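S.K.: This is a predicted model, with the sequence first.
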Amino acid sequence: GTAVRSWSMNIHWLSDLASWLRGPQHSRHLSLLAVCLTVPLASAGDADVAQTGAQNPLAKVEAGEDPYLWLEDVTAERSLSWVREQDALSTKELESSPDFEPIRSRLLAILDSKDRIPYASKHGPYYYNFWRDQKNVRGLWRRTSLEEYKKPEPAWEVVLDLDQLASAEKENWVWKGYDILYPTYDRCLILLSRGGADATVVREFDLPSKAFVKDGFTLPEAKSHVAWRNRDAVYVGTDFGPGSLTDSGYPRIVKEWKRKTPLSEAKVMIECKKEEMDVGAGVVHDHGLTYEFASRAVTFFTNEEYLRQGDEWTRIDKPADATVSTFEDQLLLRLRSDWKVNGITYPAGSLLAAGFKQYLKGDRHFETLFLPTARKSLAGTSATKNYLVVNELDNVKNRLYALEYKDGHWTRKALDTPAFGSVS
């Protein structure tokens with residue numbers, strides 16, 4: 001089958017917008033956006049000046065100081081009070097426009113429409129969808145069969161009703177995603193946040209019984225990364241205690257945690273430095289092959305990738321800003337900067353393929369799957385059972401090509417798509 005990344009999660013920002021549009025109690029996120037767009041940043045400095053009587057914040061900037069540093073403590077009452085003040089300012093400004101209510105009503109009608117396409121992800125025999133509307137404000141995680149999904153009005157089976165769960169547990173739960181166990185598809189790790197925060201609670205869920213697993217894998221609220229290694233082990237990065245987080249507040253350590261053992265006994269797999277961004281690990285199931293990767297994010301745009309071989313983690317030689325993926329037994333490298341290797345310079349934006357095993361042994365023979373030009377760039381790729389579909393943006397027009405890897409070589413053919421429009 002196609003590649004399955006065990007750390008994949010769904011993001012439903014349009015549903016969050018719909019929640020905000022339903023009433024002022026949900027206004028915080030969009031208000032903050034409006035603040036960024038309409039309220040001068042000096043407001044934070046002005047608040048600082050008002051409370052401290054200090055000099056003008058611009059003078060502090062010129063002096064090399066940060067007058068807004070106090071906002072880093074996002075849960076402090078002083079910071080929250082300032083946010084509430086800006087919420088009030090931006091909400092008043094937005095609602096004062098005569099266009100506000102007509103636009104709000106129109107957008108809400110669109111976002112609550114039952115004619116929306118219920119985008120689904122296939123796991124085993126089921127197609128899963130997370131759905132929010134005016135009745136299910138927090139959302140329903142549901143599933144159906146392919147036969148039902150093809151119908152104009154599919155019959156959905158509710159797997160988890162987030163509104164009911166929040167009411168029963170008296171929690172402000174917001175859906176953050178899930179990770180289903182491959183290849184049995186009978187267990188998953190569900191991620192929930194309180195009020196939409198970055199920090200999440202992780203809980204193991206049994207799909208046949210549609211219930212949380214007693215004494216299953218569970219993590220308290222933190223900025224965690226978690227992914228199945230197999231049925232009885234997960235890779236986890238979380239707040240293990242002092243020194244376990246980076247300066248950005250994300251996991252600095254990844255451990256392998258085995259079922260029915262305390263988290264404190266989990267074995268360290270890989271670490272990053274405190275001043276770096278993040279570290280995580282996950283599993284890729286790709287056309288019958290299994291790859292276990294760890295990624296050490298040194299900066300926002302650079303990282304180190306590692307492949308697990310037995311109990312050892314082997315660093316993958318690549319440019320720091322190149323991204324790694326796979327297709328069958330092929331290593332795919334997408335370049336963000338020029339890379340000279342074996343006397344050949346591959347330009348930024350290229351997509352390269354090489355035999356993974358041979359590459360790890362030092363072979364640097366590549367097949368170029370995409371080469372950018374002055375008017376052509378790579379919009380993205382998507383793996384199917386038999387093809388790697390390459391989406392090229394040619395003079396601002398999408399062009400799709402099906403790349404097939406067969407008998408040790410790649411072949412390419414154009415797919416028939418409309419001449420104009422957005423294709424994905």
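M.R.: Arrived safely, thanks for sending.

S.K.: which strands and helices sit next to the helix or strand containing residue 403?
M.R.: Element membership for residue 403 (DSSP states H and E) is strand 397-406. Using 3 or more Cβ pairs under 8 Å, 6 or more residues apart in numbering; DSSP states H and E, the elements in contact with strand 397-406 are strand 388-394, strand 409-414. Every C-beta, even on glycine, is put in place using the N, C-alpha and C of the backbone.

S.K.: Return the most buried member of the ones you listed.
M.R.: Highest mean neighbour count of the helices and strands packed on strand 397-406: strand 388-394, a mean of 18 (counted as mean count of other Cβ atoms under 10 Å).

S.K.: Put the alpha carbons of that strand into CSV.
M.R.: Output for strand 388-394, consisting of C-alpha atoms alone and laid out as CSV, is shown next (Å, rounded to 0.1, in the frame of the first residue of the first chain):
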residue,chain,number,x,y,z
LEU,A,388,4.6,8.8,-7.1
VAL,A,389,2.4,11.7,-8.3
VAL,A,390,4.5,14.8,-8.8
ASN,A,391,2.6,18.2,-8.8
GLU,A,392,4.6,20.8,-10.8
LEU,A,393,3.8,24.4,-10.9
ASP,A,394,4.6,25.4,-14.5
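
S.K.: Can you list the strands that that strand pairs with?
M.R.: The strands beside strand 388-394 in its sheet (DSSP bridges) come out as strand 376-383 (antiparallel), strand 397-406 (antiparallel).

S.K.: Redo the ones you listed as TSV? Include mean neighbour count.
M.R.: Conversion of the strands paired with strand 388-394 to TSV gives the following (neighbours: other Cβ atoms under 10 Å):
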stretch	mean neighbour count
strand 376-383	16
strand 397-406	16
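
S.K.: Mean pLDDT and distance to residue 271 added to the ones you listed, as CSV?
M.R.: Written out in CSV, the entries for those read as follows (pLDDT from 0 to 100; distance: least, Cβ to Cβ, whole Å):
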stretch, mean pLDDT, distance to residue 271
strand 376-383, 95, 31
strand 397-406, 94, 35
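
S.K.: among the ones you listed, which is nearest residue 169?
M.R.: strand 376-383 (37.6 Å; Cβ to Cβ).

S.K.: how about the helices and strands packed on strand 397-406 in a markdown table, adding mean pLDDT and distance to residue 157?
M.R.: Conversion of those to a markdown table gives the following (pLDDT from 0 to 100; distance: least, Cβ to Cβ, whole Å):
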| stretch | mean pLDDT | distance to residue 157 |
| --- | --- | --- |
| strand 388-394 | 94 | 31 |
| strand 409-414 | 95 | 39 |
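
S.K.: now those strands as CSV including distance to residue 380?
M.R.: Below are the helices and strands packed on strand 397-406 laid out as CSV (distance: least, Cβ to Cβ, whole Å):
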stretch, distance to residue 380
strand 388-394, 5
strand 409-414, 16
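
S.K.: Ok, which of the ones you listed comes nearest residue 96?
M.R.: Within these, the stretch nearest residue 96 is strand 388-394; the backing value is 40.2 Å (Cβ to Cβ).

S.K.: between the closest one and strand 409-414, how big is the angle?
M.R.: Per axes from the mean of the first three to the mean of the last three Cα atoms, to 10 degrees, the angle that strand 388-394 makes with strand 409-414 is 50 degrees.

S.K.: coming back round to it: for residue 330, which of the strands paired with strand 388-394 is the nearest?
M.R.: Going through these one by one, with Cβ to Cβ as the measure, strand 397-406 comes closest at 6.2 Å.

S.K.: which residues are in contact with that closest one?
M.R.: Contact partners of strand 397-406, identified using Cβ atoms under 8 Å, 6 or more residues apart in numbering, comprise 327-328, 330, 353, 369, 379, 386-393, 410-415, 417, 419-424.

S.K.: Residue ranges in the chain under the pLDDT threshold?
M.R.: Within the chain, the stretches falling below the threshold (pLDDT under 70) are 1-63, 421-424.

S.K.: Only C-alpha atoms, please: export the strand or helix carrying residue 281 in CSV.
M.R.: Remark: residue 281 resides in strand 278-286, with elements defined by DSSP H and E. Taking Å, rounded to 0.1, in the frame of the first residue of the first chain, the C-alpha atoms of strand 278-286 are listed here in CSV:
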residue,chain,number,x,y,z
ASP,A,278,12.7,19.9,18.9
VAL,A,279,13.2,16.2,18.4
GLY,A,280,10.8,13.4,17.4
ALA,A,281,10.5,9.9,16.1
GLY,A,282,8.1,7.9,14.1
VAL,A,283,7.5,5.0,11.8
VAL,A,284,6.8,4.9,8.1
HIS,A,285,5.1,1.9,6.5
ASP,A,286,5.8,2.1,2.8
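
S.K.: Partner strands of the very next helix or strand once past it and their direction?
M.R.: The C-terminal neighbour of strand 278-286 among helices and strands, as given by DSSP H and E, is strand 289-297. Pairing partners of strand 289-297, with direction, according to DSSP bridges: strand 278-286 (antiparallel), strand 303-309 (antiparallel).

S.K.: Which parts of the last one count as buried, going by neighbours?
M.R.: Within strand 303-309, the residues that qualify as buried are 303, 304, 305, 306, 307, 308, counting by 16 or more other Cβ atoms under 10 Å.

S.K.: Now residue 275. Its backbone dihedrals?
M.R.: Listed backbone geometry of residue 275 is phi -80, psi -10, with angles given as degrees, to the nearest 10.

S.K.: no wait, residue 169
M.R.: Taking degrees, to the nearest 10, you get phi -100, psi 0 for the backbone angles of residue 169.

S.K.: measure it to residue 216 for me?
M.R.: When distances are taken as Cβ to Cβ, to the nearest Å, residue 169 and residue 216 turn out to be 16 Å apart.

S.K.: Equivalent analysis for residue 358, please.
M.R.: Here the distance between residue 358 and residue 216 works out to 40 Å (Cβ to Cβ).

S.K.: could you redo the buried residues of strand 303-309 as TSV and give each row distance to residue 114?
M.R.: Shown next, in TSV, are the buried residues of strand 303-309 (distance: Cβ to Cβ, whole Å):
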residue	distance to residue 114
303	42
304	46
305	43
306	46
307	45
308	45
